[in-house]
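Colleague: Provided below for reference: sequence and predicted model.
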Amino acid sequence: MNKVKLGIIGYGKMGSQHAASLMKGQVPEAELTAVADTDPWRLKLAKEQFKDTVRGYESAEELIRSGSCEAVIIATPHYYHPSMAIAAMEAGLHVLVEKPAGVYTSQVEEMNRVAEQHKELVCCVDFNQRTNPLYQKLKELIEAGELGQIKRTIWVITDWYRSQSYYDQGGWRATWKGEGGGVLLNQNPHNLDLWQWMCGMPKRVRADVYYGKHRNIEVEDEVTALVEYENGATGCYITTVGDAPGTNRLEVDGERGKIVIEGDKMKFFRLRTPEPEFNASYQGGIGKPEVWECEIPVKGKYTSHPGILSNFCDAIRKGSKRIAPLEEGILGLQISNGIHLSSWLGGAWVDLPVDGALFLKHLQERCGGEVPV
């Protein structure tokens, strides 16, 4: 089959990373044919790297109208992901949106509505960590009932260390008007997506959020969130950019034991007797079920961004099942928006799906009256 002719909108860190993958032949299903960026220096860099094989455009609109590609990667600042995806879909282009899908849910809902009207197009979001065999295995075990009903989830993900010099580079990052948030919108969209992808969506959330606690920035740099699931299970999510060394430890407790992922290893602390059954029958007072500690073998290769891009192209060329459908991009954002809104409401419980209008009202206040898009 022919390669997918691909354009990249936004040639910053992520856009150039995708281009490098294509240049190295890591995505044989795709051919880079066009790049757009409003920064003349970045556009010049792309042209120099790809010589005459790639056309350069000074705006997303020019690239979308050019006819030089059949699919685009949206790798712009977060606020512009939905609007540019909509423009591309309405021009008949397949779309891969970088994370997060957007900054606030109402703009992502509009993007999803347009995608629903164009079912002939393949639309995905770049949740590359869904290609990690560790998380795929955990999702498989949960769905197979190996843990029984989930009782508690805990994710401590604090290995996102960023120094003040990272933020002092300036630009759109770590500002309400430029990025729409901090550690939740920059570092954590992948983890929030994985959390709901593996464990399901919570029904409500409340949070303690610190803004500029560790770094001289206006957005959040430390978060502790509590969630509750429909079945009564609870969850805790902790993240920051200020810990060194940090931790990445995920625990999922169920009726049949506990699975822990840490350091690229998965351990299953399996109960010989499921806890509800043990509790109903045990008459010895102080005691607990017998536990078997097992290391779960995990096979496969973590293909990251090239893996998502290859899957995106295969969905276009061969109708392959999408790893990260665009419409699922709103799910982790619901949690993120809920965490922010809870903090803005004094730590109150916030029901999910989040009240998009109320969230946007509070976000606009922090952006000085209006959001960029």
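Modeller: Received the coordinates, thanks.

Colleague: spatially nearest residue to Gly102 (excluding sequence neighbours)?
Modeller: Val108 (4.1 Å; Cβ to Cβ, 6 or more residues apart in numbering). Where you see a C-beta, it was placed from the backbone N, CA and C, and this is true even at glycine.

Colleague: that neighbour and Asp126, how far apart?
Modeller: 14 Å (Cβ to Cβ, to the nearest Å).

Colleague: low-confidence regions, the protein specifically.
Modeller: Scanning the chain for pLDDT under 70 picks out 1.

Colleague: now with 90?
Modeller: 1, 47-53, 169-173, 369-370, 372-373 (pLDDT under 90).

Colleague: how about the helices in it?
Modeller: 13-23, 40-50, 60-66, 81-90, 105-117, 133-143, 164-168, 183-186, 189-199, 275-281, 304-318, 329-344, 356-366 (DSSP state H).

Colleague: quick one: which of the ones you listed is nearest Gly242?
Modeller: Nearest of the helices of the chain to Gly242, taken as Cβ to Cβ: helix 183-186 at 9.2 Å.

Colleague: ok so, going back, any chance of the helices of the chain in JSON lines, plus mean neighbour count and distance to Glu228?
Modeller: Output for these, formatted as JSON lines (neighbours: other Cβ atoms under 10 Å; distance: least, Cβ to Cβ, whole Å):
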{"stretch": "helix 13-23", "mean neighbour count": "18", "distance to Glu228": "34"}
{"stretch": "helix 40-50", "mean neighbour count": "15", "distance to Glu228": "44"}
{"stretch": "helix 60-66", "mean neighbour count": "18", "distance to Glu228": "40"}
{"stretch": "helix 81-90", "mean neighbour count": "23", "distance to Glu228": "29"}
{"stretch": "helix 105-117", "mean neighbour count": "19", "distance to Glu228": "19"}
{"stretch": "helix 133-143", "mean neighbour count": "18", "distance to Glu228": "18"}
{"stretch": "helix 164-168", "mean neighbour count": "12", "distance to Glu228": "33"}
{"stretch": "helix 183-186", "mean neighbour count": "25", "distance to Glu228": "19"}
{"stretch": "helix 189-199", "mean neighbour count": "22", "distance to Glu228": "12"}
{"stretch": "helix 275-281", "mean neighbour count": "13", "distance to Glu228": "19"}
{"stretch": "helix 304-318", "mean neighbour count": "21", "distance to Glu228": "31"}
{"stretch": "helix 329-344", "mean neighbour count": "25", "distance to Glu228": "11"}
{"stretch": "helix 356-366", "mean neighbour count": "16", "distance to Glu228": "19"}
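
Colleague: mind putting the ones you listed in TSV, distance to Tyr229 included?
Modeller: Shown next, in TSV, are the helices of the chain (distance: least, Cβ to Cβ, whole Å):
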stretch	distance to Tyr229
helix 13-23	32
helix 40-50	43
helix 60-66	39
helix 81-90	28
helix 105-117	20
helix 133-143	12
helix 164-168	35
helix 183-186	20
helix 189-199	8
helix 275-281	17
helix 304-318	27
helix 329-344	12
helix 356-366	21
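
Colleague: out of these, nearest to Thr239?
Modeller: helix 183-186 (5.6 Å).

Colleague: packing partners for that closest one?
Modeller: strand 220-228, strand 234-240, helix 329-344 (3 or more Cβ pairs under 8 Å, 6 or more residues apart in numbering; DSSP states H and E).

Colleague: just the CA coordinates of it, formatted as PDB?
Modeller: Provided in PDB are the C-alpha atoms of helix 183-186 (Å, rounded to 0.1, in the frame of the first residue of the first chain):
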ATOM      1  CA  VAL A 183       1.800  19.700  35.800                       C
ATOM      2  CA  LEU A 184      -1.700  18.400  35.000                       C
ATOM      3  CA  LEU A 185      -1.800  19.800  31.400                       C
ATOM      4  CA  ASN A 186       1.900  19.400  30.600                       C
END
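
Colleague: chain center to it: distance?
Modeller: Counting by Cα atoms, centre = their mean, to the nearest Å, helix 183-186 is centred 10 Å from the centre of its parent chain.

Colleague: and Glu61, what does it touch?
Modeller: Residues near Glu61 by Cβ atoms under 8 Å, 6 or more residues apart in numbering: Ala87.

Colleague: that one and Lys258, how far apart?
Modeller: For Glu61 relative to Lys258 (Cβ to Cβ), the value is 51 Å.

Colleague: same thing with Thr33?
Modeller: 49 Å.

Colleague: and what of Tyr211?
Modeller: 34 Å.
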